[in-house]
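*Asks:* coordinates for the following, if possible.
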Amino acid sequence: MIEEITDRQQEIMEAACKLLTAGGASGLTIKNLAKEMQFSESAIYRHFASKEEIIISLLQYLATSMDVRLTNAVSELQSPKEKFEAIFKNQLSFFSENPCYVVAVFSDGLMEESQRINEVILKIMGVKMKHVMAIIVEGQEKGIFTDEISAEEMIHLVIGTFRLQMFKWRVANFQFDIKSVGEKMIQSLLILLLKK
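*Replies:* Presented below is the predicted three-dimensional model:
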């Protein structure tokens, strides 16, 4: 949880983010991290038992902060369409400013490396699905979103589309404006979601 992270651990996580963004999962080593922070390797190990623990802490931080951010991104006064846009714009802004989390979620090797990392990635997906599902269900109940597709199927289309866009951005080494591309994605998804 966010409140359990010490200031020093937060500094290490920020340095790990920098290394992940610059060199991917293979660039994040305890040796490189110690060099980046001008620490000894043993100083890193005093705060984290392993590289895996650092990545898990990053991902747990993402899951917890995402839940808070997405809760605060919407208002009861907004329509389901406005909530849908707000949730995804919030995500796009966050990842645009913090691409290392995209690297952590989509790096080859990390998922094969650790079942614990997989479990935290699934937790992140669960947080996002919870928020988006509530909006889709509300939209269907109010007759704003189509009910020709079940909310359960629609959530796969929506989250799958978002994840594919994030993966493309990652593979392109963050070389395009994810916010403008993401805005088009949001509007395309709404064309599919909105009742004709």
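*Asks:* could you give the mean pLDDT of the lengthiest helix in the chain?
*Replies:* Scanning the chain for the helix with the most residues, using DSSP state H, yields helix 115-141. Mean pLDDT, helix 115-141: 93.
*Asks:* now the element after that helix, going C-ward?
*Replies:* Scanning forward in sequence from helix 115-141 by DSSP states H and E, the next helix or strand is helix 151-171.
*Asks:* so in the chain, where's the weakest helix or strand by average pLDDT?
*Replies:* helix 110-113 (a mean of 59; mean pLDDT, DSSP states H and E).
*Asks:* give me the contacts around the host helix or strand of Leu70.
*Replies:* With secondary structure defined by DSSP H and E, Leu70 is part of helix 51-73. With contact meaning CB atoms under 8 Å, 6 or more residues apart in numbering, helix 51-73 is reached by 1-2, 5, 9, 12-13, 16-17, 25, 28-30, 33, 48, 86-87, 89-91, 94, 100-101, 104-105, 110, 113-114, 116-117, 120-121, 123-124, 127-128, 131. C-beta coordinates here come from the backbone N, C-alpha and C atoms, glycine included.
*Asks:* ok, now stretch 76-95?
*Replies:* For stretch 76-95, contacts defined as CB under 8 Å, 6+ apart pick out 66, 69-70, 73-75, 101-102, 128, 131-132, 135-136, 138-139, 142, 144-145, 162, 166, 169, 178-179, 182-183, 185-186, 189-190, 193-194.
*Asks:* related to what we said a few turns ago, so the longest helix of the chain versus helix 51-73, what angle?
*Replies:* Orientation note: helix 115-141 sits at an angle of 20 degrees relative to helix 51-73 (axes from the mean of the first three to the mean of the last three CA atoms, to 10 degrees).
*Asks:* now do the phi/psi pair for Leu194.
*Replies:* Taking degrees, to the nearest 10, you get phi -70, psi 140 for the backbone angles of Leu194.
*Asks:* my read: it touches Gly143, true?
*Replies:* No: counting by CB atoms under 8 Å, Leu194 stays clear of Gly143, with 10.5 Å between them.
*Asks:* neighbour count winner among those two?
*Replies:* Legend: neighbour count by other CB atoms under 10 Å for Leu194 and Gly143, higher for Leu194 (14 against 9).
*Asks:* any low-confidence regions in the protein?
*Replies:* Where the chain drops to pLDDT under 70, the residues are 1-3, 107-113.
*Asks:* go again using 80 as the cut-off
*Replies:* For the chain, applying pLDDT under 80 flags the ranges 1-4, 24-25, 106-114.
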